[in-house]
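# requesting a structural model of the entry that follows:
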Amino acid sequence: MSLPDETLLEAAATIDLTNCDREPIHIPGAIQPYGFLLCLDPGTQRVVQASENTAALLGIAAKELLGAGLDRLLAPARAAEVAVRFATLTEAHQLLGVRLDQVPGAPFYKLILHRFDGLLWLEFEPLDEAAPTPPDLSVLNAAMSEMLAAGQLLTFCQRTVEQVRTITGFDRVAIYRFAADESGEIIAEDRHPDVAPWLGLHYPASDIPQQARAMYLKNWLRFIPDASYVPVPLVPVRNPASGRPPDMTFAVLRSVSPIHLEYLHNLGSAATMTISLIQNNQLWGMITCHHRAPRLVSYELRDLCQFIGKTFSALLNSKEELDQRAYQLLVRERQARLFEHVSGQVNFVEGLYRQSPTLRDVFDCGGAAICFGNEITLLGNTPTEPQIRELLDWLQTHARQDIFHTNSYPALNPAGLAMRASASGILAAALADAPGNYLLWFRPEVVQTVTWAGQNEKPERLANGQIFLSPRQSFEAWKQLVENTATPWRPLEVEAAKEIRLHISDVRLKVFNELHARAQALSQLNTELERSNDELDSFAYVASHDLKEPLRGIHNYSLFLLEDYADKLDADGVDKLQTLVRLSQRMEGLIEGLLQLSRAGRLDLEVTPVDMNELVAEVLDLLRPRFEQTRTAVRVNGPLPTVEGDRLRLQEIISNLLTNAMKYSDQPDKAVTLGVVGTDKVEPARPVDSAFFHTFYVQDQGIGIDPRHHDNIFKLFKRLHALNKYGGGTGAGLAIAKKMAEKHGGTLWVESTLGQGATFFFSLPKLLSTL
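Purely as a prediction, here's the structure:
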C-alpha cells in the first residue's frame, strides 16, 4: 500500500489516477463551503486557523478571527458554557445549537465539536429550516425492528437501505459489499423510479484508494451536499504549531479528493453520503447514498443514519452466520438426497446424475463431471471431454491428494487458459486408487460472470493539452489483476466434497463386501453342488449298472414264457406277457441312458487331436444302413478342422445329432447338412468368439421345435412327442450330448422354428488350455 505523499499538497501538484493512491486526503487544508471551521489551540482556547469563507458567511475575514476567543462570535455566557465542554472532547462528535450573537443578524448555527491532532475543532453548519425534521422514536423503533427481524443477509441489507432512504430522501441508497480482492458489488438498493438500477453491478478495488479505506475505518460517515463545490482553504493552510495542514480525519466539513468529485460527476451524482459498514475491524462494505441534485441533510439525520450503520455492523456477524447455516442446511439436505439416490442404484454413478438433486446441485457451481471407469458424465457448464481428460492427467501428476481445490487453475497450469470460461475454479475429489476416477466441480472466471459499472466509459480525457486517466480506466487495471480467477470455494463446500467422496467409498465398500459374501456363498454352494452331483452320478452309475442285470433277467424270462407257454395261455395272457417284454425293453433303455449320462460326467476325457473329417466319415459309415432305410441324404460342408478332444465322446455327439435329424422329419426324402461355422452361410444367432472356439452345426428340414421348448429338450428323459412317434426313444440323448460338449469346455444349443427344421450348434475350444 502506498503511503500518503505530502508533496502533493503543493499548489503546483496535480492529483490524477497516476498518483491518487498517494494523495494525503486526511490533510487537504480545505473544507466544503456549506459551513465554516475554526481550529482552537487547546491551551489558549484561541483560534489558530479559520476557513476562508467566514467572510462570506459572517462578514468577518478569517484573518480577523485568528487569535480571537470564542466570545468573538458568541455571547460571553454562551461562550463560557461551550468552553466547559472542551475538557471532555475526544474524536467523537458533540452537537450544540448556538446563536452567533456577536455577528450581525445573530444567525443560528449547529456547532459540532471534537478534539484531534492537538486541536479543538469547531465546525459550524447553518440551520436549514426547510430540512425535514428527524423521525420520532416510533419510526426509529420500527426501522430497527425490521432490520432485526430479517432472517437473511440480503433481506437485512434491503431493509437497511429502505430505512436510510426513508430518513434522508436521497434518490438512491445502496449497499456496496467488498470481496476478498477489495472489488465491490451492489447487493441491495432502494431508488427513485426515474434512476437506472445499480443492483448487481461490480466495481474494481481501485475505485476506492487504500488511504480512503483506512479513513473509512476511523470516520463512519462522509457527506457531500454539493459535489460541484469549490474547496475553501484554511487560513493559514498549515498549522503554525506543526508546520503542516491539520489532520481532518474526523472533520465533518473535510474537503474530498478532486478525483472523487470527478468520479461522482461521472456517476451523475450531485450529492452523496456514505456510511461505513465494519466487521471485525475490517471494512465489510458501505451504505452509499446519491442524489441527482444538491441536497443538504441535517446533522441530526446524518447521525441517525450513522447509528443505523453501526447497528448494521453490530448485527452483521449474526446475519452472516444465519446465512451460512441456511446454506449449510441446504447443502446438507441436497447431500442427503444425493446419498439416497446413490444408495438406491445398483450403479452408484447413475445415482449421481439421473435424479435431482444431481452432483452439480449439491452446492453453488457452474458445472460438474463424474469420471469413473474411463467414462465421463458432464453436468451443466463444463469444459469439453478432451479438456477434462487433460485435467485428470494433470491432477494425477500434480495434485494426488484426496481433495484438491483452486480458484485459479490457469495460474497452476497454462493449459487451463483454454477452459477458464467454465473452469477457472476446480474442486476435485479422488474416488479410488485407480487413475482417472474423480468427481469434479467447476466455477467460471469471475470477469465473465459479472456486470461492470462503467465498463464502456472512455478511459482517458484531454485537458490543457495533456491526456489524463479518468476514474473508469481503473476497470482494466482490475481485470488484469484478477482475470482467470473464480469465486473461491467455501470451507463448507470443500467439506461437503469430502463427505460425498467418503460416502461413495462406503457404498462401494458395502457393494464389494456384499459381492464378496455372495461369491463366498456361491463358492460354497458350488462345492456342495459338485459333491451332490458326484454322489448323484455315483448313485446313478451304481443303480443303473446293478438294475440292468435283474431287468435283463425279467426280459429274457418273459421271452421264454412266450416261446414255451404261448399255446397254453389265452389271448389275454399272451398280451400281458408281450406288454411285460415291451416295458422291460423300455426300462432297459432308460437305465442305459442314465448309465451313459452318469458315465459322461464321471469319466475323464482322453484328449487327442481329432480330425473331424475322419470322425464324421466313420459315423456316417456306421449309420449308413439306417440312412438308406429312411431315405436320408447327409451333406458335409467341408473341409472340417482338427480339434482337441475325446474321440469317442465326439462320435457320440455327432451320432446323436445326425440320428435326431433323421428321425424327426415327416419328409419322404430327408436332407441333413453338417458343417463348421465360418466356411459357409450358416451363422448362429448366439455370438461365439471364433478366435477361441470351433462351432459345428447339424441342420435338418424336419418338423422343427417351438422356441419355448428350446431349453426343455436338453433335460434328461424330456420328450416332446408320444413314445410311439418318430421312432420312440428315451429322451436322454440330447442331455448326454450336451453334457459331453460341456465336458470339453463348449456347449450345445438349438435354433429352430416349429415346422421349419432345426439347426443344432455345438462349440469346442480350439485349445483346451485356453479354458
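# please count neighbours and contacts with C-alpha atoms only from this point.
Fine.
# show me where pLDDT drops low in the stretch 651-771 of the chain?
For the stretch 651-771 of the chain, applying pLDDT under 70 flags the ranges 716-732, 768-771.
# lowest average confidence, helix or strand, in the protein?
Confidence across the helices and strands of the chain bottoms out at strand 466-469, with a mean of 34, counting by mean pLDDT, DSSP states H and E.
# tell me the secondary structure at Arg354.
coil (DSSP: H, G, I helix; E, B strand; the rest coil).
# gap between it and Val672?
Distance, Arg354 to Val672, using C-alpha to C-alpha, to the nearest Å: 53 Å.
# looking at the two, which has the bigger crowd around it?
Val672 (19 against 13; other C-alpha atoms under 10 Å).
# quick check: buried residues in the host helix or strand of Ala214?
Using DSSP states H and E, Ala214 sits in helix 210-218. Buried residues in helix 210-218, counted by 16 or more other C-alpha atoms under 10 Å: Gln210, Gln211, Ala212, Met215, Tyr216, Leu217.
# how about stretch 369-388?
Ala369, Ile370, Cys371, Phe372, Ile376, Leu378, Leu379, Asn381, Thr382, Pro383, Ile388.
# stretch 677-685 too?
Val677, Pro684.
# contact partners of that stretch?
With contact meaning C-alpha atoms under 8 Å, 6 or more residues apart in numbering, stretch 677-685 is reached by Asn637, Gly638, His694, Thr695, Phe696, Tyr697, Glu751, Phe761.
# give me the subset of those lying in strands.
Mapping the contacts of stretch 677-685 onto strands (DSSP state E) picks out Asn637, His694, Thr695, Phe696, Tyr697, Glu751, Phe761.
# picking up where we left off before, next helix or strand past the helix holding Ala214?
Sequence-wise, the next helix or strand beyond helix 210-218 is strand 221-224, with elements assigned using DSSP H and E.
# which helices and strands does that next one pack with?
If contacts are counted by 3 or more C-alpha pairs under 8 Å, 6 or more residues apart in numbering; DSSP states H and E, strand 221-224 sits against strand 271-279.
# the strand it packs on pairs with which strands, parallel or anti?
strand 221-224 (antiparallel), strand 282-291 (antiparallel) (DSSP bridges).
# what's the closest of those strands to Phe627?
Closest to Phe627 of the strands paired with strand 271-279, according to C-alpha to C-alpha: strand 282-291, at 101.8 Å.
# turn the strands paired with strand 271-279 into a markdown table, columns for distance to His744, mean neighbour count and mean pLDDT.
Putting the strands paired with strand 271-279 into a markdown table (distance: least, C-alpha to C-alpha, whole Å; neighbours: other C-alpha atoms under 10 Å; pLDDT from 0 to 100) gives the following:
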| stretch | distance to His744 | mean neighbour count | mean pLDDT |
| --- | --- | --- | --- |
| strand 221-224 | 95 | 22 | 94 |
| strand 282-291 | 81 | 22 | 94 |
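# want to throw those strands into JSON lines with distance to Ala271?
Shown next, in JSON lines, are the strands paired with strand 271-279 (distance: least, C-alpha to C-alpha, whole Å):
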{"stretch": "strand 221-224", "distance to Ala271": "6"}
{"stretch": "strand 282-291", "distance to Ala271": "5"}
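# for Glu499, which of these is the nearest?
Ranking those by proximity to Glu499 (C-alpha to C-alpha) places strand 282-291 first, at 31.3 Å.
# could you point out which element follows the closest one?
Downstream of strand 282-291, the first helix or strand assigned by DSSP H and E is helix 299-344.
# against which helices or strands is the next helix or strand after that next one packed?
Moving toward the C-terminus from helix 299-344, the next helix or strand (DSSP H and E) is helix 348-351. If you count contacts as 3+ C-alpha pairs under 8 Å, 6+ apart, helix 348-351 packs onto helix 299-344, helix 491-565.
# for Asp41, see how far away the residue sitting nearest the centre point of the chain is.
By C-alpha atoms, centre = their mean, the chain has its centre lying nearest to Arg360, at 3.1 Å. Taking C-alpha to C-alpha as the measure, Arg360 falls 66 Å from Asp41.
# how about Thr166?
To Asp41, Thr166 is 40 Å away according to C-alpha to C-alpha.
# so in that sheet, which strands flank the host helix or strand of Gly645, and in what orientation?
For Gly645, the host element (DSSP H and E) is strand 642-646. With DSSP bridges as the test, strand 642-646 is paired with strand 607-611 (antiparallel).
# now whatever helix or strand comes next after the partner strand: mean pLDDT?
Toward the C-terminus, strand 607-611 is succeeded by helix 612-629 as the next helix or strand (DSSP H and E). In this model, helix 612-629 has an average pLDDT of 89.
# picking up where we left off before, so what's the gap between the helix holding Ala214 and the chain middle?
Its chain's C-alpha centre and that of helix 210-218 lie 39 Å apart, by C-alpha atoms, centre = their mean, to the nearest Å.
# stretch 655-665 now?
Using C-alpha atoms, centre = their mean, the offset of stretch 655-665 from its chain centre is 64 Å.
# for it, C-alpha coordinates in PDB please.
Output of stretch 655-665 as PDB, limited to C-alpha atoms (Å, rounded to 0.1, in the frame of the first residue of the first chain):
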ATOM      1  CA  SER A 655     -24.200 -89.600 -33.900                       C
ATOM      2  CA  ASN A 656     -26.900 -88.300 -31.700                       C
ATOM      3  CA  LEU A 657     -27.400 -85.200 -33.700                       C
ATOM      4  CA  LEU A 658     -27.500 -87.000 -37.100                       C
ATOM      5  CA  THR A 659     -29.900 -89.600 -35.700                       C
ATOM      6  CA  ASN A 660     -32.300 -87.000 -34.400                       C
ATOM      7  CA  ALA A 661     -32.100 -85.100 -37.700                       C
ATOM      8  CA  MET A 662     -33.100 -88.400 -39.500                       C
ATOM      9  CA  LYS A 663     -35.800 -89.300 -37.000                       C
ATOM     10  CA  TYR A 664     -37.700 -86.000 -36.600                       C
ATOM     11  CA  SER A 665     -38.900 -85.400 -40.100                       C
END
